[in-house]
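In: sequence and predicted structure, then a few things I'm wondering about:
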Amino acid sequence: MTATVRPSEPMNVIEPHEWRHGTVVAGVKWKNPVGTASGTFQLDACGDYYDVTQMGAICTKGVSPVPWEGNPGPRIAESPAGMVNSVGLQNPGVDHYLADELPKLKELGALVITNVAGHSDEDYAEVTAKLADSDADMLEINVSCPNVSHGGMSVGTDPATLSRLIGRLRKMTDKPMIVKLSPNVTDIVTIAHAAVDAGADALSLINTLVGMRIDIDTGKPIMANRTGGVSGPAVLPIGLGFVWRVRQAIPDIPIIGIGGIDSGEKALEYLYAGANAVEVGAAALTDPTAPMRVARELDDLLDSRPDLAAKLAQGKSW
Amino acid sequence: MTEERFMSTATSAAVVQEAERFGRKPGRRVDEIVRAGTLAEGVYELVIRDAYVARNAKPAQFVNLYPADASLLLPRPFGVAEVTGDEVTLIYQVAGAGTRQFTQLAAGDAVDVLGPLGKPFDLDKSANYVLVGGGLGIPPVMLAAQALSVRDDVTVTTAFGYRNERFADDLVAQYVDAPHSITNEEGNVIDLLDSIVPELEAAAKAGRPPIVLSCGPTPMMKAVAQWGGRHGAEVQLSLEARMGCGYGACVACVVDTPQGRLKVCKDGPVFTSEQLGWVV
């Protein structure tokens, strides 16, 4: 397959922009409805390519109570129009985050969602307690990572376990608390209700789908962790279906739609499915400027959709 | 219905111009292919026109190329082998469906590119730089030969190990003071390094101690690290890894080191043998 050189066109993704269409998520105003998805943003990598303060929100990588070394490599495999990762939330821990990445992001002026990770209820509580007095604008509780043996998805796939954890964290912080949901469940609506009833201010969905690839020369899984989480364009219709079902069941909860978004058009699909905002994940791994470009394309698309734009600006959804 | 395209990209010049105007690195962009061909059986050459890479690429840095087939999502990293004007030479072998598609590209076609990426070799010292490449690990060290050739405080020695055809010897000849190579049939790069010890010792006595720059299969690089340890030579290794983003965001391409898991794409690809704990 070959391609031809396309005509030169200015990208206009780097220059400062007067955002015309903002959104409101759990009372927090975003300058546009597009954020970065957790696990795909690192300030020291992404900040070289665009002004992070231009994003609606920056959602950081999962932050754990102590440094986590993550899973052994290989940690990634390609899949049709997608990828499978098993990073396992490698991160330098909450103390490092509070001393380094968070102050840097806030000094720049970014709106920050801190993703909270844990192996146990105690882990989540410890991180949440340390973040309660921090400058983070919102917290996103990661109960949906498929790549850790305890915590993560094991919490977010059981309504009683999820309810117990979110109820406990709710008492610890006044910060807007987003619960990030897993698609690896039988009934997303039951899980969504459990999170909201326990005190979630917003929901983000979907996290990655459990999947794997196998090397047919060895007969063994490509990734050392064997299974991982699938993301990328391939999961777009799945994420849309999940967002739509949750929106139908719970009309008022703010929803951040995630999954396969790599253009303003696809972000717009999520907004019509009922999301108040979106996050761009895998696309950022194929072009560092993708989140910024999606935001710019969406700003243009909302010009001709004043009803939708007005609802978003009022904190409502379509 | 959403328009079914995966990425909108613009040509190099427009992306680079905007990024540089606002003090950023340029993102993914479209480059023209100047030349494409075969250097030896299974060894392919691709020359792209990218003035930004040509201006900025340092030895052991790499560029991401993206398959035009949007169902293949991830970039393929290629070490920059040579820079001529605004032309950038990449040399590679077919490793799977993505690289196979690149072999179908011809002059005038386009390819999406990001880079240059990664931490380059440290070439600050006055030394005898011994470039040890194995197979398709040779291209990434070729740029070191080119970069060092303009300096008068260094000696450039090569020790290239080929499977069979010596595809790179002529390409770097003009940049190298002491060229050496070996094929699988004749032996391996450690045999070759052992055979040039007297030459290296003579250079060291003349004030040019050896610094080894190496890229190749991991078992070869581990052997090179140990050879460097035995001979008191500093060793810098450029690692290969199954990468995700290539620019430090996804943390997929880690290598286990005594300091913990480091990102090959951003903390490396160049590491010293001490950093990796490969010196025994």
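Out: Here it is on my side, so go on. Here the structure is a predicted model, which is why all the values come from computation and not from measurement. Numbering: from 1, shown residues only, chains lettered A, B, ... in the order given.

In: tell me where chain B has strands.
Out: Secondary structure of chain B by DSSP state E: the strands cover B:29-40, B:43-49, B:62-66, B:76-84, B:87-92, B:110-117, B:128-134, B:155-162, B:181-183, B:210-215, B:234-238, B:254-257, B:260-263, B:270-272.

In: any chance of those strands in a markdown table, plus distance to residue A:180?
Out: (C-beta placed from N, C-alpha, C; glycine too.) Shown next, in a markdown table, are the strands of chain B (distance: least, C-beta to C-beta, whole Å):
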| stretch | distance to residue A:180 |
| --- | --- |
| strand B:29-40 | 32 |
| strand B:43-49 | 39 |
| strand B:62-66 | 28 |
| strand B:76-84 | 30 |
| strand B:87-92 | 39 |
| strand B:110-117 | 28 |
| strand B:128-134 | 44 |
| strand B:155-162 | 49 |
| strand B:181-183 | 54 |
| strand B:210-215 | 40 |
| strand B:234-238 | 37 |
| strand B:254-257 | 24 |
| strand B:260-263 | 24 |
| strand B:270-272 | 34 |
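
In: domain-wise, how is chain B divided?
Out: Split into domains by automatic domain parsing, chain B comes to B:3-117, B:128-276.

In: quick one: terminal-to-terminal distance for the last one?
Out: Counting by C-alpha to C-alpha, to the nearest Å, the length from the leading to the trailing residue of domain B:128-276 is 23 Å.

In: and that domain, how far from the chain's centre?
Out: Mean C-alpha position of domain B:128-276 versus that of the full chain (C-alpha atoms, centre = their mean, to the nearest Å) differs by 10 Å.

In: for the record, mean pLDDT for it?
Out: Throughout domain B:128-276, pLDDT has a mean value of 96.

In: check the shortest one too.
Out: For domain B:3-117, the per-residue pLDDT values average out at 90.

In: how far does that domain sit from the chain's center?
Out: 13 Å.

In: can I get the domains of chain B in TSV with distance to chain A and mean neighbour count?
Out: Listed next are the domains of chain B as TSV, based on distance: least, C-beta to the nearest C-beta, whole Å; neighbours: other C-beta atoms under 10 Å in any protein chain shown:
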stretch	distance to chain A	mean neighbour count
domain B:3-117	3	20
domain B:128-276	3	20
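
In: gap between the nearest residue to residue B:67 once chain neighbours are set aside and residue B:68?
Out: Distance criterion C-beta to C-beta, 6 or more residues apart in numbering or on different chains; nearest residue to residue B:67, sequence neighbours excluded, is residue B:98 at 4.5 Å. According to C-beta to C-beta, to the nearest Å, residue B:98 and residue B:68 sit 10 Å apart.

In: quick revisit: so which of the domains of chain B gets nearest residue A:27?
Out: Minimum separation from residue A:27 across those (C-beta to C-beta) falls at domain B:128-276, 29.2 Å.

In: need the contact list for residue B:217.
Out: When contacts are counted by C-beta atoms under 8 Å, 6 or more residues apart in numbering or on different chains, residue B:217 is found next to B:134, B:135, B:137.

In: was I right to think the first one contacts residue B:159?
Out: No: Residue B:134 is not in contact with residue B:159 according to C-beta atoms under 8 Å; the separation is 9.5 Å.

In: what do those two both touch?
Out: Here residue B:134 and residue B:159 have residue B:189 as joint contacts, going by C-beta under 8 Å, 6+ apart.
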